[in-house]
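Visitor: The sequence and its predicted three-dimensional model are supplied below.
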Amino acid sequence: MMQQAQPLVNLVITTGEPAGVGPEVSMAAAQDFLAEQPNARITLLGDPDLLRVDSEIDPSIFKRLTVDPVPLVAPSALGLLNSSNAPYVLSMLDQAIDACLQGRYDAMVTAPIQKSVINDAGISFTGHTEYLAQHCNTQHVVMMLCAPLAKGFLGIKSPRDLRVALVTTHLPLRDVPAALTYDLILETIQIVDQDLRAKFGISKPKIRVAGLNPHAGEAGYLGTEEMECITPAIESANQQGIDVTGPYPGDTMFDAGALEQVDAFIAMYHDQGLAPFKFVSFGGGVNVTLGLPIIRTSVDHGTALDIAGKGIADSGSMLDALRLAYTLALNTRKLN
């Protein structure tokens, strides 16, 4: 009996800030990914003048690569920001999110945007993660960064994925302690556990949680957040059957032994988690938003205005973001 062909995985890319490297890394990575993965189709959203398909492209790739035109609001010059194009950037996001919610795409991948441009246009905007949550009518989502660690890194015996999730995201450091609550931390742990199972296909995830203060509060002498909300949230998660431990001091949570055993680390604030992550990922990380009704991954770098259009932008992070989106989409299909 002939095996029935599986339907193609449909991915959509929002190509980001038009003055940055987003359009070029999106097009380059899309072609590279389709060359290595015949079971996928990619649609790029953006102005066609920014997304020209190479005339020499392999026909088998060309038929699975589409540019869905979204016109610029104002002319765009490489490296020069123009707040008039803020609606253009948001329109791409809106179209991708709506299409994913409708099931037209299996996952969306986002190129970098310039937050200042959107805010300069008079539109309050703190980041992709928060915007996605609002548009999907989801009260709590979690930002998680993922990167592969090679065998031998810090002595690990086999390749391993490093995953770092955040309880708070784009907040001034002075606002973090007040933002931390028992409910927020417990919900973060629950979302990480749930999506590691449902999207990453990990049947029994192991999770580590950081404290907030030096030495995880030193029994209250260096801060009380650990005793007041972090430890109680971890204990409640344990009672729900989640394999989570902590709170660990931020400076020792990422020890080499843990890298081989832990499926996700949860940090209390942005730099606590992302400083060590970016130090070891060498720019090869992927951002994934957990807790959404759709799959969203993103590059782990900015708009790189200084090198836009010079032919030197590295599309590796976008390629990795496409690979992860594809894997998550396949896992979701299997589990559903």
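Guide: Noted; the coordinates are in hand.

Visitor: Count the neighbours of the closest residue to A133 other than its chain neighbours for me.
Guide: Nearest residue to A133 in three dimensions, chain neighbours excluded: V141, at 4.4 Å (CB to CB, 6 or more residues apart in numbering). The way it works is simple: take the backbone N, C-alpha and C, and place the C-beta from them, glycine included. V141: 21 surrounding residues under other CB atoms under 10 Å.

Visitor: On the three-state scheme, the nearest residue to D106 once chain neighbours are set aside is what?
Guide: Spatially, and ignoring its direct neighbours in sequence, D106 is nearest to A329 (3.9 Å; CB to CB, 6+ apart). What DSSP: H, G, I helix; E, B strand; the rest coil gives for A329 is helix.

Visitor: any weak-confidence spans in the stretch 101-250 of the chain?
Guide: Applying pLDDT under 70 to the stretch 101-250 of the chain picks out no residues at all.

Visitor: which residues in it form strands?
Guide: 107-110, 142-149, 160-166, 206-210, 243-248 (DSSP state E, counting those that start in this stretch).

Visitor: Dihedrals phi and psi, L45?
Guide: The phi and psi torsions at L45 (degrees, to the nearest 10) take the values phi -100, psi 130.

Visitor: List the contacts of it.
Guide: V12, I13, T14, T15, D68, V70, M92, Q95, A96 (CB atoms under 8 Å, 6 or more residues apart in numbering).

Visitor: quick one: it and G127, what's the gap?
Guide: 19 Å (CB to CB, to the nearest Å).

Visitor: Check P18 too.
Guide: On the measure of CB to CB, P18 and G127 end up 18 Å apart.

Visitor: Just want to know which of these two has more residues nearby.
Guide: Neighbour tally, P18 and G127, criterion other CB under 10 Å: the higher count belongs to P18, 30 against 15.

Visitor: possible to save the strands of the stretch 101-250 of the chain as TSV with distance to P87?
Guide: What follows is the strands of the stretch 101-250 of the chain, written out as TSV (distance: least, CB to CB, whole Å):
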stretch	distance to P87
strand 107-110	17
strand 142-149	25
strand 160-166	29
strand 206-210	38
strand 243-248	42
